[in-house]
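Undergrad: fold the following, please.
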Amino acid sequence: MKQRTIGGRTVSAIGLGGMPMSIEGRPDTGRSIATIHAALDAGVTLIDTADAYHRDAGEVGHNEELIAGALRAYGRAADDVLVATKGGHLRPGDGSWTVNGDPVYLKRAAKESARRLGVEAIGLYQYHRPDPRVPYADSIGALRDLLDEGVIRMAGISNATVGQIDEADEILGGRLASVQNQFSPAFRSSLRELEHCAALGIAFLPWSPLGGIANAPDLSARHAVFREVAEETGAGVHRVALAWELALAPVVVPIPGASRPESIRDSAGAPGLDLTPEQIARLSAA
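TA: All right, here's what the predicted structure looks like:
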């Protein structure tokens, strides 16, 4: 597995997104643990989660606890895994998503996430989504305080604009480690943020890099050029999509979600797929 960097931490060039293992349609615990272990076997050393990755009311942190348990079961070979979690997004249990960027809440949520993950300090903690009721500077100030207090080792933001990237990095004193935005063949609105992160040397973590749970199976049908390049390379279209994203900038670390071992094994092969400049240009223009 090729490596990339988040902050001062070296991680696999492909991460594992944990959300599908805890929300609606989630698999049983056994298959989820097998999926996480398959990722580790394939060399994945970055796992992305959030306290809001759960289905029902009263099970906040379901995905964090699932991942923590899977890592413990895997043993000391999982010691190098960076678990990135997030706070500021909530699920009341009725299928909806809400936000809370209150600094007091974020600090409490981070400490609860650390408890569920079983760590003294969270490796990477990300502000999940801006809260329009709370000044952005106040929410990011909570991350700064968590860094200074040693509750978290690195700070990141998610669903952010270029302006918010700059604001967060300034408030954090140049310590912004990552930006996690939606980006895929079908959703390229965050290309400007990706390029901005590349210029600043900040890791860019595309979420739903294959188009999301509902759309990923149709990637080949929806994007003819990706299908053509897949035929040229002999690789699956999902692997081509991830390889294309990796080729856009050295700061890109896609985090495809998975709930089956075979899915993450396929994704883990993307860093080893070398696309030609001509193929990359065609995919970028599609």
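Undergrad: restrict the worst-scoring helix or strand of the chain on mean pLDDT to CA atoms and write it as PDB.
TA: When the helices and strands of the chain are scored by mean pLDDT, DSSP states H and E, helix 219-222 comes last with a mean of 90. In PDB, the C-alpha atoms belonging to helix 219-222 read as follows (Å, rounded to 0.1, in the frame of the first residue of the first chain):
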ATOM      1  CA  LEU A 219     -20.900   4.400 -11.500                       C
ATOM      2  CA  SER A 220     -20.100   2.500 -14.700                       C
ATOM      3  CA  ALA A 221     -23.500   3.200 -16.200                       C
ATOM      4  CA  ARG A 222     -23.400   6.900 -15.300                       C
END
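Undergrad: measure how far the following helix or strand past it is from the centre of its chain, please.
TA: Once the chain leaves helix 219-222, the next helix or strand it forms, by DSSP states H and E, is helix 224-233. In terms of C-alpha atoms, centre = their mean, to the nearest Å, the centre of helix 224-233 is set 26 Å apart from its chain centre.
Undergrad: which strands and helices lie in contact with helix 224-233?
TA: With contacts taken as 3 or more C-beta pairs under 8 Å, 6 or more residues apart in numbering; DSSP states H and E, helix 224-233 sits against helix 219-222, helix 237-248, helix 277-285. Any C-beta I mention is one placed from the backbone N, CA and C, and that applies to glycine too.
Undergrad: what segments of the protein are helices?
TA: Counting by DSSP state H, the chain has helices at residues 29-41, 62-74, 103-117, 136-149, 162-171, 191-200, 219-222, 224-233, 237-248, 261-268, 277-285.
Undergrad: pick out the shakiest of those, pLDDT-wise.
TA: In terms of average pLDDT, helix 219-222 trails the rest of those, at a mean of 90.
Undergrad: identify the residues contacting it?
TA: 185-186, 210-211, 215, 226-227, 230, 237-238, 241 (C-beta atoms under 8 Å, 6 or more residues apart in numbering).
Undergrad: show me which of the residues you listed are buried.
TA: Among the contacts of helix 219-222, the ones that count as buried by 16 or more other C-beta atoms under 10 Å are 185-186, 210-211, 226, 230, 237-238, 241.
Undergrad: sorry, back to before: what's the closest of the contacts of helix 219-222 to residue 266?
TA: Within these, proximity to residue 266 (C-beta to C-beta) peaks at residue 238, which comes in at 6.1 Å.
Undergrad: out of the buried ones among the contacts of helix 219-222, which is nearest to residue 247?
TA: Among these, residue 241 lies closest to residue 247 (C-beta to C-beta), at 10.9 Å.
Undergrad: in the sheet, who's paired with residue 179?
TA: Under DSSP bridges, the beta-bridge partners of residue 179 are residue 157, residue 204.
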